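> take this sequence and fold it.
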Amino acid sequence: MNIHPIQQPDCCSTGQSCTCDDSRVMLPLASADTDNKACCGPPPGPESSLFERPGYTILQFVETFLNTPVGTIPLVKTQTGFRDWMGTIKARLGIGRDQYKVSPGLYGIGQPDSHSPVLVSANYKLSLDVLRKALKTVDAWILVVDTRGINVWCAAGKKLFSSQIVTQWVKHTGLERLVDHRRLILPQLSATGVSAHQVKKHSGFEVIWGPVRAVDIPVFLKNGMNATHAMRQVSFSFIERLVLIPVEISLLRKHLIIAAVIACVISGIGKDVFSFSAVWSRGIDILAALTAGIVAGTIMTPIFLPWLPSTRFSVKGATIGLMIGACFPILGGFTGIESISLILISGVVSSFLAMNFTGSTPFTSPSGVEKEMRSAIPVQIVGMLMATVLWVTSAFV
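Numbering: from 1, shown residues only. This is a model prediction of the structure:
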C-alpha cells in the first residue's frame, strides 16, 4: 500500500491570505495582502541573522559582526537594554552572580581597524557593560580574558587576571595579525596581578595602564594615552559603597540559617536541661542580636565607613556593632549577663562581616587584608565563645 501525505491547499498561490480554525481547515481571509504573512498562525517574526549557527545564540548586546584576518568578530552595542538592566539588578542581589559572564575573546566597538587601540577587560558581564557604555565615541578592540566571571580587581587579587592569562589570550586570539601596533591598554586595577614586563616578554605587546574608571577612557585616548592624576585615584564614594550592600546580604543566606539554628539550640539549654518554650522566648532575643550585628556589619559600616575609628575594618565593624548592641540593656528586660552576651554577639558579628569590605576598598592591600584577618578572627572566635557561655549561664541564674 502506498501512503501519500495529505495535500493541503496552497492558499498563498491563490493570492489570498488564509488562517486556520480549530478544525484545521484552511479558510480564506478577505484581505488579499499576502506580503510577509503566514498561511497559518501569526505573522512571521524577523528574519534570522546570517551569522546564526545551530547550537549558538547571538547575545542581545551584539550589534553585528566584522570579518577580520583572525575571523569573524562581534561588534558590541554601546547602549544597554532591559535584559542588561535586569542582569545587573540580579547580579547586585547576588542572584546567579557567579555565572554572570561573557565568552572570552575579541570584541569590537564602533568601527575598529588595524590601528585601533586594544582594551583588555575581564569576562564578568558587568565589567564589559561598564566598558562598552563608556566607549560611545571610540573605535576600539576589546580583548576579554577569562577571569571565570570575576571582576577585574578581584580577579587580579586571585591571580585570575594575570600576566599568564593576558598572554594566553593574546596568542589564542591571534591579536598580532589583527592590529599593526603592539600595545595593550589594561585597567589600572589589574596591576596587582599583572607584570607588564612578563606580558611584553611572552607576547610582544607593551602594557599601558589605563585609568581607574572606564568613563575616563575616551579622554585618556584623546590625550595620547596619558592619564591625569584624577584618573589614577581610586574612590569609594557613598553610592559605590551602597551598591555593595545587597550582595553582602545575599551571601549570608546559608550562614544565617546555620547561625539561627545554633542560636535557638543554645537558647533552649537551661535548668530543665532543654526547654522548647525557652527556644521561643530566649531564641527571639539572641536572633535579634544576630540581626543587629548583620545590620551593623553589612549596612551601617559601609554607610558610615569614613567616620568610623581605626583603619582596620574589624575595629570599624566592632565599634558600630557594640553601639547598636548597647540598645539591648536600654530596652530593658534583660539581666546583666544577658545584656553583655547580646552586646558581644552584635559586636562580633558586625566585626566579622565588616571585613568583607576590605577587598572592595582602596584603603587596604591584599597583604594588609590577610594580616588583619589573622589577628582579628581569633579575637572574634574568643568573643563569640564568651557570648555563648554567658548566654547559656544566664539561663541558670
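
> burial of Phe304, as a residue count?
Residues contacting Phe304 under the criterion other CB atoms under 10 Å number 14. For every residue, glycine as well, the C-beta is placed using N, CA and C.

> what separates stretch 204-215 from the chain centre, distance-wise?
22 Å (CA atoms, centre = their mean, to the nearest Å).

> same thing with stretch 223-232?
With CA atoms, centre = their mean, you get 27 Å for stretch 223-232.

> check stretch 85-103 too.
6 Å.

> same deal with stretch 64-71?
29 Å.

> from the contact counts, what lies against the longest helix along the chain?
Secondary structure of the chain per DSSP state H: the longest helix is helix 366-394. With contacts taken as 3 or more CB pairs under 8 Å, 6 or more residues apart in numbering; DSSP states H and E, helix 366-394 sits against helix 253-267, helix 313-325, helix 336-354.

> can you list contacts of the shortest one?
For helix 313-325, the surrounding residues in contact (CB atoms under 8 Å, 6 or more residues apart in numbering) are 289, 292-293, 295-297, 300-301, 304-305, 308-310, 342-355, 357-358, 364, 372, 376, 379-380.

> in it, which residues are buried?
Residues of helix 313-325 classed as buried by neighbour count (16 or more other CB atoms under 10 Å): Phe313, Ser314, Lys316, Gly317, Ala318, Thr319, Ile320, Gly321, Leu322, Met323, Ile324, Gly325.

> what does the longest one give?
Of the residues in helix 336-354, those scored as buried under the neighbour-count criterion (16+ other CB under 10 Å) are 337-354.

> give the next helix or strand downstream of the lowest-mean-pLDDT helix or strand in the chain.
Least confident element among the helices and strands of the chain, by mean pLDDT, DSSP states H and E: strand 26-28 (a mean of 35). Moving toward the C-terminus from strand 26-28, the next helix or strand (DSSP states H and E) is strand 62-68.

> what sits up against the helix or strand just after that following strand?
Per DSSP H and E, the first helix or strand lying C-terminal to strand 62-68 is strand 71-76. The contact list for strand 71-76 (CB under 8 Å, 6+ apart) reads 51, 58, 61-66, 106-110, 128, 132, 141-142.

> same question, stretch 243-254
Residues contacting stretch 243-254 (CB under 8 Å, 6+ apart): 91-95, 97, 294, 298-299, 302, 353, 356-357, 360.

> narrow those to those in helices?
Among the contacts of stretch 243-254, the members that lie in helices (by DSSP H) are Ala91, Arg92, Ile294, Pro302, Leu353.

> which among these gets closest to Leu242?
Pro302 (7.1 Å; CB to CB).

> just the pLDDT for that closest one.
Looking at Pro302, its pLDDT stands at 90.

> neighbours around it, how many?
If we define neighbours as other CB under 10 Å, then Pro302 has 26 of them.

> ok, Met225 next?
Around Met225 there are 15 residues (other CB under 10 Å).

> how near is it to Trp209?
For Met225, the distance to Trp209 equals 9 Å [CB to CB, to the nearest Å].

> overlap in contacts of these two?
Ile185.

> what's the distance between Ile142 and Leu252?
35 Å.

> for those two, indicate the residue with more neighbours.
Ile142 (23 against 17).

> which residues does that one contact?
Contacts of Ile142 (CB under 8 Å, 6+ apart): Val76, Leu106, Tyr107, Gly108, Ile109, Val118, Leu119, Val120, Ser121, Leu128, Leu131, Arg132.

> which strands and helices sit next to the helix or strand harbouring Ile89?
Assigned by DSSP H and E, Ile89 belongs to helix 82-92. Here helix 82-92 touches helix 125-134, helix 245-250, going by 3+ CB pairs under 8 Å, 6+ apart.

> and it with helix 125-134, angle?
130 degrees (axes from the mean of the first three to the mean of the last three CA atoms, to 10 degrees).

> give me the residues contacting helix 82-92.
Taking CB under 8 Å, 6+ apart as the rule, helix 82-92 contacts Gln60, Phe61, Thr80, Gly96, Arg97, Tyr100, Lys125, Leu126, Asp129, Val243, Pro246, Val247.

> assign a three-state SS to Leu106, would you?
strand (DSSP: H, G, I helix; E, B strand; the rest coil).

> so for it, what's the pLDDT?
97.

> do Gly325 as well
So, for Gly325, pLDDT stands at 94.

> find the nearest non-adjacent residue to it, please.
Leaving aside its sequence neighbours, Gly325 sits nearest to Ser346 (CB to CB, 6 or more residues apart in numbering; 3.1 Å).
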